[in-house]
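1. have a look at this fold, sequence not included:
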């Protein structure tokens, strides 16, 4: 899984870098992000790259969270559309595809495989900046199909897994640095 994520990240970086070299009005950069999941209060942090063309921005990003009983590695491939801009401030709406890898903490006597969950997000936010530095904030709703074990079967250690749709909300803040 780590190898696949690394390869996809490198390919996305090459695609973004090559595309911006041929488009004169592109905005290319990278940034840091941090936030909190409103459901359980888990804090997360990560990084992102972005490619903006006109009012559209592609924002692939990575988030890491360490919860009470698991560690989460999340990759989001987000798109944002500027709906209102005034001087240096802009409001946007967006959404994207979510891939989440969950590494559960140890449960005594039971081995749980690391599942990969997939879903989508919808977001609204704003950003403002002068020169190469830009700050942003956004609220997002994430719907993801998660694998959870429901019950123990018999006296053995067999787990019964079921996929369930889970919706949670996050608040994110961050800063970007423009390369172009």
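-> Received it, and whenever you're ready, just let me know what you need. Only a predicted model underlies this, so the values are computations on that prediction, with no experimental measurement involved.
2. all contacts plus neighbour counts: C-alpha atoms, from now on.
-> Noted.
3. my read: residue 84 touches residue 124, true?
-> No: if you go by CA atoms under 8 Å, residue 84 and residue 124 don't touch, sitting 11.7 Å apart.
4. beta partners for the residue most central in space within the chain?
-> The centroid of the chain falls nearest to residue 76 when counting by CA atoms, centre = their mean (3.5 Å). In this entry, residue 76 is beta-bridged to residue 61, residue 98, by DSSP bridges.
5. that one: what's it in contact with?
-> 59, 60, 61, 62, 96, 97, 98, 99 (CA atoms under 8 Å, 6 or more residues apart in numbering).
6. so residue 56 sits against residue 83, correct?
-> No: using CA under 8 Å, residue 56 is not in contact with residue 83; the gap is 9.8 Å.
7. please enumerate the helices of the protein.
-> All helices of the chain, identified by DSSP state H, fall at 2-22.
8. what stretches of it score poorly on pLDDT?
-> For the chain, the stretches flagged by pLDDT under 70 are 1-25, 106-114, 147-163.
9. would you map the strands across it?
-> 26-37, 43-53, 56-66, 70-86, 89-104, 116-130, 133-153, 158-178 (DSSP state E).
10. what's the neighbour count on residue 134?
-> For residue 134, the count of nearby residues is 17 (other CA atoms under 10 Å).
11. from residue 177, how far out is it?
-> Look at residue 134 and residue 177: by CA to CA, to the nearest Å, they are 7 Å apart.
12. swap in residue 137?
-> 15 Å.
13. residue 136 too?
-> Residue 136 is 11 Å from residue 177, by CA to CA.
14. residue 52 reaches residue 30, doesn't it?
-> No: using CA under 8 Å, residue 52 is not in contact with residue 30, being 11.4 Å away.
15. okay, and the beta partners of the closest residue to residue 167 other than its chain neighbours?
-> Distances taken as CA to CA, 6 or more residues apart in numbering put residue 143 closest to residue 167, at 4.4 Å, once the chain neighbours are dropped. With DSSP bridges as the criterion, residue 143 is bridged to residue 120, residue 167.
16. what's the neighbour count on residue 143?
-> Neighbours of residue 143 (other CA under 10 Å): 18.
17. and residue 75, by the same measure?
-> Neighbour tally, residue 75, other CA under 10 Å: 21.
18. residue contacts, it?
-> 60, 61, 62, 63, 98, 99, 100.
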